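J.: No sequence on hand, only this structure:
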């Protein structure tokens, strides 16, 4: 009765009880016992194959597929444990090693038979069988190695290729306690197809930024690649004046990053956050720090008052009214500067109002686009007073 309910009971007993990772088990793992287990493992292989063929005829439709999938999942767990046992007992007596290998080979063979009995590939959210995984992994690694040979000489910095190669090999490798899903294989197939397509379009040389953008677009959230990518940007920023041109360059890189088109909703590693979230957060923190640093540098260059604080000119107009005046002067070309923002960045650190001791150029810029009636009247009245004073200047 037990065998009917659970056909894998002998393999389960041998793998999880007899050869479990426990030094105490060595006391009963005699040479005769191990030879008996190895012989029985060969017999179990034929027995399980016959059982699967019989079940394939007895069941049909959804019942058949569901039974075979449950049977397949149980084999996956047993094979995982068998591989761990084989690794644990490695270096012990030849009889124990032979018995462990016989059990692993038996389960591997039954797995292959079970996968062939399933109608179509396993469900996308199901574990990929080890036979299918080995074949798919070898094919993907072969395709990727061929692609690397073609593009390695076309890149100025081949470091991303090494990161990509190591990540793919490690991700598809068999690891005890970790299963590879079918979505993993589909993701890697699409990634390598995208890399190959990029190579076709860029015959002479491959633009380094295009490779980075492609990996980001495929949500390649590998930690080593993220460190490499952010490190490259930080290196370029450090080569410039961080307080001024470096901040502008950083914001330009951030804009380009936000505009990268995503090709895959699925991430390379589901356990890590999406690459857009990680690198986007890095950019936000860098830009915030750069702005604070730029402001600190600007304040350090201001003349100091008697109390040691930066000296600023107190203006009795509001930030909104100052912004309107500066915008009108820029529109009439009274100032000669790169842009209105550059004018505000240059003047804001030196100004203060009766309400705000520190004026930010960002606030000034936003105020210049909205013209309230009260502010307009105050500005006009101020300018008229200035005109009247200038007209009466000669008589003074």
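T.: Here it is on my side, so go on. Note that the structure is predicted; figures quoted are calculated from it, not measured. Residues are numbered from 1 along each chain as shown.
J.: Map the structural domains onto the sequence of this protein.
T.: Here the domain parsing of the chain from automatic domain parsing is 2-120, 131-299, 313-395.
J.: Same list (those) but as TSV, adding mean neighbour count.
T.: All C-beta spots, glycine's among them, are computed from the backbone N, C-alpha and C. Below are the domains of the chain laid out as TSV (neighbours: other C-beta atoms under 10 Å):
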stretch	mean neighbour count
domain 2-120	16
domain 131-299	15
domain 313-395	14
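J.: so can I have a markdown table of these showing mean pLDDT?
T.: Shown next, in a markdown table, are the domains of the chain (pLDDT from 0 to 100):
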| stretch | mean pLDDT |
| --- | --- |
| domain 2-120 | 80 |
| domain 131-299 | 78 |
| domain 313-395 | 83 |
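J.: what residue is smack in the middle of this structure?
T.: residue 221 (1.5 Å; C-alpha atoms, centre = their mean).
J.: which ones are touching that residue?
T.: By C-beta atoms under 8 Å, 6 or more residues apart in numbering, the contact set of residue 221 is 267-269, 272-275, 278.
J.: what's the helix or strand for it?
T.: Assigned by DSSP states H and E, residue 221 belongs to no helix or strand.
J.: can you tell me which residues contact the nearest residue to it once chain neighbours are set aside?
T.: Leaving out its chain neighbours, the residue that sits closest to residue 221 by C-beta to C-beta, 6 or more residues apart in numbering is residue 275, at 4.2 Å. Each residue near residue 275 by C-beta under 8 Å, 6+ apart is listed here: 216, 219-221, 226, 267.
J.: related to what we said a few turns ago, ok, of the contacts of residue 221, which one's closest to residue 71?
T.: Nearest to residue 71, judged by C-beta to C-beta, of the contacts of residue 221 is residue 269 at 29.7 Å.
J.: leaving aside the residues next to it on the chain, what's closest to residue 72?
T.: That would be residue 114: by C-beta to C-beta, 6+ apart, it lies 4.7 Å from residue 72.
J.: In terms of helices and strands, where is the closest residue in space to residue 75 that isn't next to it in sequence?
T.: Leaving aside its sequence neighbours, residue 75 sits nearest to residue 111 (C-beta to C-beta, 6+ apart; 5.0 Å). Per DSSP H and E: residue 111 is located in helix 94-117.
J.: With residue 269 instead?
T.: Applying DSSP H and E, one finds residue 269 in no helix or strand.
J.: tell me the phi and psi of it?
T.: The phi/psi pair for residue 269 (degrees, to the nearest 10) reads phi -130, psi 110.
J.: Also the one 3 residues further on?
T.: Note on residue 272: its backbone torsions stand at phi -100, psi 160 [degrees, to the nearest 10].
J.: With adjacent residues omitted, what lies nearest to it?
T.: Nearest one to residue 272, counting by C-beta to C-beta, 6+ apart, is residue 221 at 4.8 Å.
J.: What of residue 291?
T.: Residue 291 sits nearest to residue 247 (C-beta to C-beta, 6+ apart), 6.8 Å away.
J.: how about residue 169, what does it touch?
T.: residue 141.
J.: which secondary structure element contains it?
T.: Going by DSSP H and E, residue 169 is part of helix 159-172.
J.: contact partners of whichever strand or helix holds residue 366?
T.: Under the criterion of DSSP H and E, residue 366 resides in helix 361-367. Helix 361-367 is contacted from outside by 319-320, 322-324, 326, 340-341, 344-345, 348, using C-beta under 8 Å, 6+ apart.
J.: And residue 159, how far from residue 358?
T.: 43 Å (C-beta to C-beta, to the nearest Å).
J.: Return the distance of stretch 212-227 from the chain's centre.
T.: 5 Å (C-alpha atoms, centre = their mean, to the nearest Å).
J.: so how far is the first residue of that stretch from its last?
T.: One end of stretch 212-227 to the other measures 12 Å (C-alpha to C-alpha, to the nearest Å).
J.: Okay, angle between the host helix or strand of residue 232 and helix 159-172 too, please.
T.: In this assignment (DSSP H and E), residue 232 forms part of helix 223-238. Per axes from the mean of the first three to the mean of the last three C-alpha atoms, to 10 degrees, the angle that helix 223-238 makes with helix 159-172 is 160 degrees.
J.: what's the following helix or strand after helix 223-238?
T.: Taking DSSP H and E, what comes next after helix 223-238 is helix 247-258.
J.: by contact count, what packs against that next one?
T.: helix 223-238, helix 275-300 (3 or more C-beta pairs under 8 Å, 6 or more residues apart in numbering; DSSP states H and E).
J.: With distance to residue 28 as added columns, please give those helices in JSON lines.
T.: Shown next, in JSON lines, are these (distance: least, C-beta to C-beta, whole Å):
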{"stretch": "helix 223-238", "distance to residue 28": "45"}
{"stretch": "helix 275-300", "distance to residue 28": "51"}
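J.: out of those, nearest to residue 383?
T.: Taking C-beta to C-beta, helix 275-300 is the member of the helices and strands packed on helix 247-258 nearest to residue 383, at 28.3 Å.
J.: Tell me how far the closest one lies from the chain's centre.
T.: 21 Å.
J.: what do you get for stretch 232-251?
T.: 23 Å.
J.: And it, end to end?
T.: Stretch 232-251: ends 15 Å apart by C-alpha to C-alpha.
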